[in-house]
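J.: here is my input, please return the structure:
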Amino acid sequence: LRRLAELDLSHNCLRGLGDGDGAALAALSGLRKLSLSHNELGVPQAPPSPLPRLGRLEELDLSFNRLRRLPEGLGRLRHLRALDVDHNLLPAFPAPLLELSALEELDCSGNRHLGALPEGIAALRRLKTLWLSGTGLAALPEGLCQLGALESLMLDGNGLRALPAGFGRLQRLKTLNLSSNLLADFPDAVLALGGLEELYLSRNQLTLLPAGLCQLRQLRALWLDNNRIRYLPDSIVRLRSLEELVLQGNHIAILPEGFGQLSRVTLWKIKDNPLIQPPYEVCMKGIPYIAAYQQELAHSQPALKPRLKGLAFIVYELAGDPGYDAIQSFFLSPGALYVLAVNLSAYVPQRFYGSVGYFLHWLGSKVPHAVVCMVGTHADLCAERELEEKCLDIHRQIAAQEKRDAERLRGLVRQVDEALGQDLEVRCSSPHAAFYGVSDKNLRRKKAQCQYLLNNRPQILSPVLPFGCRERGQARRLREKLLSVAEHRDIFPNLHRVLPRSWQVLEELHLQPPARRLWLSWWDSARLGLQAGLTEDRLQSALSYLHESGKLLYFEEHVTLREYVFHNLPRLIDILNVFCERDAAALLRKLLRGGADELRAAQLRHYVEGFLLHGLLPAHVIRLLLEPHVRSRQDLQLILELLEKMGLCYCVNKAKREPLNGAAAAWYKFPCYVRNEVPHAEAWINGAGLSGPPLAVEQLQVQYSFPFLCPPGLFARYSVHINRHVVQRSDGRCQVYAYRGKVPVVVSYRPAGAAPRPATLSIASHAALPNIWTAWQAITPLLEELNVLLQEWPGLYYTVHVLCSKCLKRGSPNPHAFPGELLSQPRPEGLTEIICPKNGSERVNVALVYPPTPTVASPCSK
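T.: Below you'll find the predicted structure:
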C-alpha cells in the first residue's frame, strides 16, 4: 500500500511495531497520519520498538498506552505537526520532543509524574496547542513564555501557585485553562493577554479579582466556580463579549451595578452563593431577570426586606402526617427556619430514626444546608433526669447519623478518585472494574455531586430546646431562640436582601386582606402593578421573584396558568388539604353538607369508596368537595390544571381536541390514593411480569436506587408527570403498566427494606433484540421526565444502573447492574458484546446496555 496516507491501528493489543526495525511500517513511505492509541505499547516484558523512518508523517497518536519512554527515532520525524502521548507513564518530559521543530500540537496530559517542563521547551516555536492537564506540574519555566505562536494552553489539574513573570508575552493565546490548581491570587500576567477568549480558573483558592479584568475585552468564557471570591469588580460589566460566566460555589453577596448589561451571557451558573442583591431567586432566573431587577432598583428606591425590627414568621405546620407526602415538598424552601418538634414524653432511643433521623434525611434531600432547630415538646411530662437523658440521646444520635452519612459520602469520593486514578482503558477492560466504562467527565460530575452533598450538610442547632406548656419561661426561651437564629446574618443572609420598593409594594397589594378570591387574572395583577408603579413590561420579573420566593404562584411557562396569579396561598392550602383527607366519613360529610336524598347519598358514598381505593373522582364530585372555595366552572378548571401541574392528579379521559378539564364527563386519577397492589395487567405481563418476558424477548430495565432516602410522594408525582407520554395505562400502588405507542412500559417502585436494601424506582420495557431500539425509544422520555423531577431535590443522593438483560431473563433476584452513566455516553466503537460478571460465560449485547444515541445529560447530573 505504497500510497496509503492514513493508518488507524488503535484499540488493539499491539505490544510493538512489527518486526525489529519496523520494516513493515517503514515501507509505507507516503504515510502522513498514524494512530496507535489504546494498545499495549510499553507493557512490561514487551521489547522496546524503534519508530520506523516515516519521513512524511505529520500526525502520530500514541495515547493511552503504557509507555515509560518514547520510541527511538521519534526526533527524526521532521514534518510531524501533531503528537499525542497523553495518558502514558512518562516519568519526565521526553527530550526527543524538543527536536520536533515543526510541531504545532502536543498533548502530554495524564502523565501524572511528568513533574516539570525543561527550559528548552522554547525550541518548539511553532507550537499552537499544548495540553499538560494532570501532569504534576508545580511551576512553569520562563522558556514556556517564548512560545509566541501558542493559542491554546491546558494546565488544569496541577499544583501551580503562580505563573512565570513573562507569561504575558503569549500574545496569541486564546484559550487558557488553569482550573484545579492552587492559585490563591489572580495571576496578573493574564491581564496582558488582550486576545484571550476563554479563561478557566475553577477550583482554585481565589478571593479577589482585579479591576483590570476588563482589559480582556475578547473574553467569551470565564469560569470562576468553587473559589473563595467575595465580590466582583465593577469593571466586569465591561466584558460585553462574555457568553459563559460560571460563578457558583463562591461567597458572593452583591452583584455589581449594571451587571444586567452582560446580555450575551447564555451559560450562567451562580448557585451556592449568599446572594442578597439581587436576591438569590432573581439571580437563578438568569441575566435578563437581573437586568430587570437592577433597572427597577434604579427606577424606584430600594427597600430592605424585611425590616428586622418587626420580624414576622409565616408558619407552615406539616405535622409529620403521611397524608401530606405528595404536597409537603412544595413548602420547603432554602430561606426557611425548620423547627423539628419531638414529643419527649413518648420518645425512646430505639425509635430515633422514625422520630428524628428520617425527617433530617428528608429535609436535607430537599433543602441542602437547611437550618434546623430541635424542640422537645411535652417536657413538663418528663422527670428532670429523664428530660436530660432524652435530649442528650437525641443530640448524640443526630451526631452519629451525620457522621455515618458523611463517611459514606467520603467513601464514594475515594472510590471515584481511585477510578479517576486509572486510565479509561483500564476501566473499560473488564465489567468487573468499578465504574466500568464510565468516562472521566462523568466521574468528575459524580465526584462534584458527592462533594456538594458533603459541603452542604444540614445546620442543626444544638442543644435540643425543651418546651412545656406549664412553664412560661420555656416559651420565652423558645421565642428568643427563634428570633436570635432568624436575625443571624451568617445563617440567614437572604433576610438582608435588597428589593426595589415597587416589588415590595406589589407583594403587599397582592396579599392585602381580605383576599377572598382564589386567583387573579393577569390583568387584575397588572392593575395592582400600576398602583405599585410597575408598567406591564416590568411586571413579569416582579411576579417571577414573588413566585420563586414562595409568596405566590405564577407559572410563566405554562400555556394556561400563565394567564393567572395564585396570590391566596392560605386558601390554596385549604384546597390541597381536601386531597390529603383519607377519612371516608369526613369526605362524605363534605359532599353531603348541602343535603341529598338516599339515592344521591349512596352514589356519593360509592364515589368516596372508589376514591380511597383507586384514586378516581369525576370532576363534578371534585367541585362538590371544593365548595365553597370553587364557585364557577372556570375556578374548577384552573384548580385542576394547577393540581396536574403540581403532580397530584391527571385526567384519565381528556379529549384530543377540546380539553375536558372541569367538564362533567372528565375523571381524574390521584395516584397517591391508589391502594390495589397490582394494576390490571395486559397478557404480556401476566405471563412473566418483570422477572422475564418470553425467551425470544429481551428485557430493558433502568433502575434508580436511593441509598439514604427516597423522597416521599416521588412515585405518585412521577406517575402523573409521565401521563402525557403513555397510553392504555393501569395503575397499582407501586406500579404503572402502560404503552408508548405499541411498546409496553412498566414503572415500578420498591420501598426500602431491611438494610442494606435501598428503595428503588425502575423503568422497564422489552422487545426482540433486532427491535430493541423501540424499547429504548419507549423508556427514554420517561427517564428524562424522572431526571427533571429529581432536580427538585438537590440534596438527594441516588444512583442509576442498567440491569443485565441476561440476569433478568434468568429471573435472578440480584441482577448485575451496569453504571447508569453509560446512558449519556456513545457506544464504544467496535464493541458488540459485554461479559456479565455474574456469569462469566454469558455475553450481553451492547444494545442492551447503551441506548442507540446518548441521552442529553447524565442521570446523576444536578
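J.: the longest helix in this protein is where?
T.: Ranked by residue count, the top helix of the chain under DSSP state H comes out as helix 384-421.
J.: immediately after it, which helix or strand?
T.: Per DSSP states H and E, the first helix or strand lying C-terminal to helix 384-421 is helix 424-429.
J.: what about the helices in the stretch 1-150 of the chain?
T.: Using DSSP state H, counting those that start in this stretch, the helices of the stretch 1-150 of the chain run over 23-26.
J.: shaky segments in it?
T.: Low-confidence segments of the stretch 1-150 of the chain (pLDDT under 70): 18-23, 45-50.
J.: mind listing what Asn111 touches?
T.: Taking CB atoms under 8 Å, 6 or more residues apart in numbering as the contact definition, Asn111 lies against Val85, Asp86, His87, Asn88, Leu89, Leu90, Thr135. In this view, the C-beta of every residue, glycine as well, is placed from N, C-alpha and C.
J.: which residue sits closest to the fifth one, ignoring its sequence neighbours?
T.: In space, and not counting its chain neighbours, Leu89 is closest to Arg68: 5.0 Å by CB to CB, 6 or more residues apart in numbering.
J.: His496 reaches Ile276, doesn't it?
T.: Yes: contact criterion CB atoms under 8 Å: His496 and Ile276 qualify, at 5.3 Å.
J.: between these two, who's got more neighbours?
T.: Taking neighbours as other CB atoms under 10 Å, His496 and Ile276 compare with Ile276 leading, 21 against 16.
J.: for that one, give the beta-bridge partners.
T.: Pro279 (DSSP bridges).
J.: break this protein into its domains for me.
T.: 1-102, 115-274, 336-491, 577-656+664-675, 698-848 (the TED database).
J.: ok, which of those domains comes nearest Leu569?
T.: Leu569 lies closest to domain 577-656+664-675 among the domains of the chain, at 12.0 Å (CB to CB).
J.: what mean pLDDT does that closest one get?
T.: Throughout domain 577-656+664-675, pLDDT has a mean value of 85.
J.: can you give me the end-to-end distance of that domain?
T.: This stretch, domain 577-656+664-675, spans 19 Å end to end (CA to CA, to the nearest Å).
J.: again, but for stretch 430-450
T.: With CA to CA, one end of stretch 430-450 sits 25 Å from the other.
J.: how about it: buried residues?
T.: For stretch 430-450, the neighbour count (16 or more other CB atoms under 10 Å) marks 431, 435-440, 442-443, 445-450 as buried.
J.: before we move on, back to that, and the contacts of Asn111, which are buried?
T.: Buried by 16+ other CB under 10 Å: Val85, Asp86, His87, Asn88, Leu90, Thr135, out of the contacts of Asn111.
J.: from these, which single one is nearest Asn181?
T.: Minimum distance to Asn181 across these is 11.8 Å, recorded for Thr135 (CB to CB).
J.: thinking again about what came up before, which of the buried residues of stretch 430-450 fall in helices?
T.: Going by DSSP H, the helices hold Asp440, Asn442, Leu443, Arg445, Lys446, Lys447, Ala448, Gln449, Cys450 from these.
J.: doesn't Val237 lie inside a helix?
T.: Yes: assessed by DSSP: H, G, I helix; E, B strand; the rest coil, Val237 belongs to a helix.
J.: where does the chain have its least confident helix or strand?
T.: Least confident helix or strand, the chain: helix 683-688 with a mean of 38, by mean pLDDT, DSSP states H and E.
J.: tell me the first helix or strand C-terminal of that one.
T.: Assigned by DSSP H and E, the successor of helix 683-688 is strand 698-706.
J.: count of residues packed around the nearest residue to Lys806 once chain neighbours are set aside?
T.: In space, Lys806 comes closest to Glu842 once its chain neighbours are excluded; the distance is 4.7 Å by CB to CB, 6+ apart. Here the number of neighbours of Glu842 (other CB under 10 Å) works out to 18.
J.: OK, contacts around Glu842?
T.: Lys806, Ile835, Cys836.
J.: do Leu209 as well
T.: Phe186, Leu224, Ile229, Leu232, Pro233, Ile236.
J.: if you set the cut-off to 10 Å instead, what comes out?
T.: Contacts for Leu209 were tallied using CB atoms under 10 Å, 6 or more residues apart in numbering; they are Phe186, Leu201, Leu222, Leu224, Asn227, Ile229, Arg230, Tyr231, Leu232, Pro233, Ser235, Ile236.
J.: got it, and Gln248?
T.: So Gln248 contacts Ser202, Trp223, Leu224, Asp225, Asn226, Trp268, Lys269, Ile270, Lys271, Asp272, Asn273, Tyr452 (CB under 10 Å, 6+ apart).
J.: against Leu208, how distant is the third one?
T.: Using CB to CB, to the nearest Å, one obtains 11 Å as the distance from Leu224 to Leu208.
J.: anything in contact with each of those two?
T.: Contact with both Leu224 and Leu208 is made by residues Phe186, Leu232, according to CB under 10 Å, 6+ apart.
J.: these two: who's more crowded?
T.: Each of Leu224 and Leu208 has its neighbours counted (other CB under 10 Å); Leu224 has more, 25 against 15.
J.: next, the more buried one: phi, psi?
T.: Phi and psi for Leu224, reported as degrees, to the nearest 10, are phi -130, psi 20.
J.: among the contacts of Glu842, name the buried ones.
T.: Lys806, Cys836.
J.: let me have the contacts of Glu842 in CSV, extended by secondary structure and distance to His361.
T.: Compiled in CSV, the contacts of Glu842 are given as follows (DSSP: H, G, I helix; E, B strand; the rest coil; distance: CB to CB, whole Å):
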residue, secondary structure, distance to His361
Lys806, helix, 35
Ile835, strand, 37
Cys836, coil, 34
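J.: coming back round to it: list the contacts of the residue nearest to Leu89.
T.: Contacts of Arg68 (CB under 10 Å, 6+ apart): Gly42, Pro44, Pro48, Asn88, Leu89, Leu90, Pro91, Ala92, Asn111, His113.
J.: poorly predicted segments of the stretch 251-400 of the chain, please.
T.: 303-312, 318-321, 323.
J.: what segments of it are strands?
T.: 267-269, 302-304, 337-343, 371-377 (DSSP state E, counting those that start in this stretch).
J.: of all the ones you listed, which lies closest to Gly157?
T.: strand 267-269 (20.3 Å).
J.: looking at this, Trp776 is in a helix?
T.: Yes: Trp776 sits within a helix when classified using three-state DSSP.
J.: in stretch 725-735, what counts as buried?
T.: Within stretch 725-735, judged by 16+ other CB under 10 Å, the buried ones are His725, Val726, Arg729, Asp731, Gly732, Arg733, Cys734, Gln735.
J.: just the mean pLDDT for it, thanks.
T.: The model assigns stretch 725-735 a mean pLDDT of 90.
J.: starting at the chain centroid, how far to that stretch?
T.: Here the centre of stretch 725-735 is set off from its chain's centre by 27 Å, with CA atoms, centre = their mean, to the nearest Å.
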